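J.: Sequence and predicted structure below; questions after.
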Amino acid sequence: MLEFLSIIYHQGKQYIPNVATVDLSPAFRGRPVILKDEVDYQLISVCPTGAIDLSPLRLDLGKCILCGECAHVRPDLIQFTSDYFLSVNERDKLIISHDNSESLQLNPEKIRKEIFKLYGRSLKLRQVSAGGDCSAEWELNACSNVNFDMGRFGIEFVASPRHADGMVVTGPISENMAKALEKTWESIPEPRVLILAGTDAISGGVFAQSEAINRTFLDSLPVDLYIPGNPPHPLTFINGILDLLSVPRNKRK
Ligand code: SF4
C-alpha cells in the first residue's frame, strides 16, 4: 500500500491544471501573423492549398495545413506564433491579414443561446471521420486522456448519435462518407451542435479539388464552431469548445 502511495506521490499531477494557460513550445505552429503587406508570388507557389492571397496579403487559416513553407521563404512577412486559441464561429474570421493579426475569438452574438443553457455543463459529441487520415482523430482521442482530461468539463465523445448533443466532423468529406454523415446528423436530437475540426473538415484541405469529395452536406447547415489545425491540437479543440460554452478562461481547470 505504502509503495503505491509513494508512486502516486512521485508521479504528481498528471493532468494539465488549467487548459487555457499552457505555454506551448515555440516550435508549435499556431496562429499566424502577417508582419507587413507585400506582394510576393513566391508565397502563392509554395502554398499547397491555396491558402494565401495577395493584394492585400492574406492567409486563410481554414485552408492552411500549417506546413510552414510560407514562413520559411519569407520570415519577414509571415510568422507562426504558438497561440493555440484558433477557434471561431464565423468562417471569414479565419482569414488573417496585416490589419487583422489579433487573437482569434468567437463572436458571442453568434453563439446560440440554447448551447450554453442546455450544454454548459454536459456536452456529448459524436465524432465522424469523413474521409479523414486519422491525424485529427488521434488528437481528438488525446483530448480524453489523463493529461488533457476533457471529461472534467463534461465534454465527452459518445458511441451513438442518438446519445449525442452534437457532431464533430473530421476529414474532407469524401463522397463515400457524405450520406453516412447526413444520416448521423439527422439521428442527433435537436438542438444539435455542428463542429468542423481540422483544415480538411473546414475547407477540404489538400483534397479540396478532388472529385472524390462531396461537401454539399455543409451547404445548408449553420456551423457552430470552426477549429483549425492540421491536425488541431487538443488544447485548440478543448478551448474552442469551452469558448462555445462560454466557460471563462480562469475556470478551465
Ligand atoms: S503554412 Fe499554410 S499558408 Fe503557409 S504555405 Fe503552408 S499551407 Fe500555405
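T.: Thanks, I have it. Numbering: from 1, shown residues only.
J.: before we move on, which element is Leu194 in?
T.: Using DSSP states H and E, Leu194 maps to strand 193-197.
J.: and that strand, which strands flank it?
T.: Strand 193-197 has its sheet partners listed here by DSSP bridges as strand 166-170 (parallel), strand 225-227 (parallel).
J.: Go through those strands and name the closest to Gly205.
T.: Closest approach to Gly205 among the strands paired with strand 193-197 is made by strand 166-170 (10.8 Å; CB to CB). (C-beta placed from N, C-alpha, C; glycine too.)
J.: Distance from the chain centre to the closest one, please.
T.: Centre-to-centre, strand 166-170 and its host chain are 11 Å apart (CA atoms, centre = their mean, to the nearest Å).
J.: Can you name the element that comes right after it?
T.: Strand 166-170 is succeeded, C-terminally, by helix 175-187 (DSSP H and E).
J.: Buried residues of that following helix, list them for me.
T.: By 16 or more other CB atoms under 10 Å, the buried positions in helix 175-187 come out as 177-178, 181, 184-185.
J.: Now that helix - C-alpha only, PDB.
T.: C-alpha atoms of helix 175-187 as PDB (Å, rounded to 0.1, in the frame of the first residue of the first chain):
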ATOM      1  CA  GLU A 175     -18.300  11.000 -51.500                       C
ATOM      2  CA  ASN A 176     -18.400   7.600 -49.700                       C
ATOM      3  CA  MET A 177     -19.000   9.300 -46.400                       C
ATOM      4  CA  ALA A 178     -21.400  12.000 -47.400                       C
ATOM      5  CA  LYS A 179     -24.600  10.000 -46.900                       C
ATOM      6  CA  ALA A 180     -23.300   8.500 -43.600                       C
ATOM      7  CA  LEU A 181     -22.500  12.000 -42.400                       C
ATOM      8  CA  GLU A 182     -26.000  13.200 -43.300                       C
ATOM      9  CA  LYS A 183     -27.700  10.200 -41.600                       C
ATOM     10  CA  THR A 184     -25.600  10.700 -38.400                       C
ATOM     11  CA  TRP A 185     -26.600  14.300 -38.300                       C
ATOM     12  CA  GLU A 186     -30.300  13.500 -38.800                       C
ATOM     13  CA  SER A 187     -30.100  11.000 -35.900                       C
END
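J.: That one packs against which elements?
T.: strand 123-129, strand 166-170 (3 or more CB pairs under 8 Å, 6 or more residues apart in numbering; DSSP states H and E).
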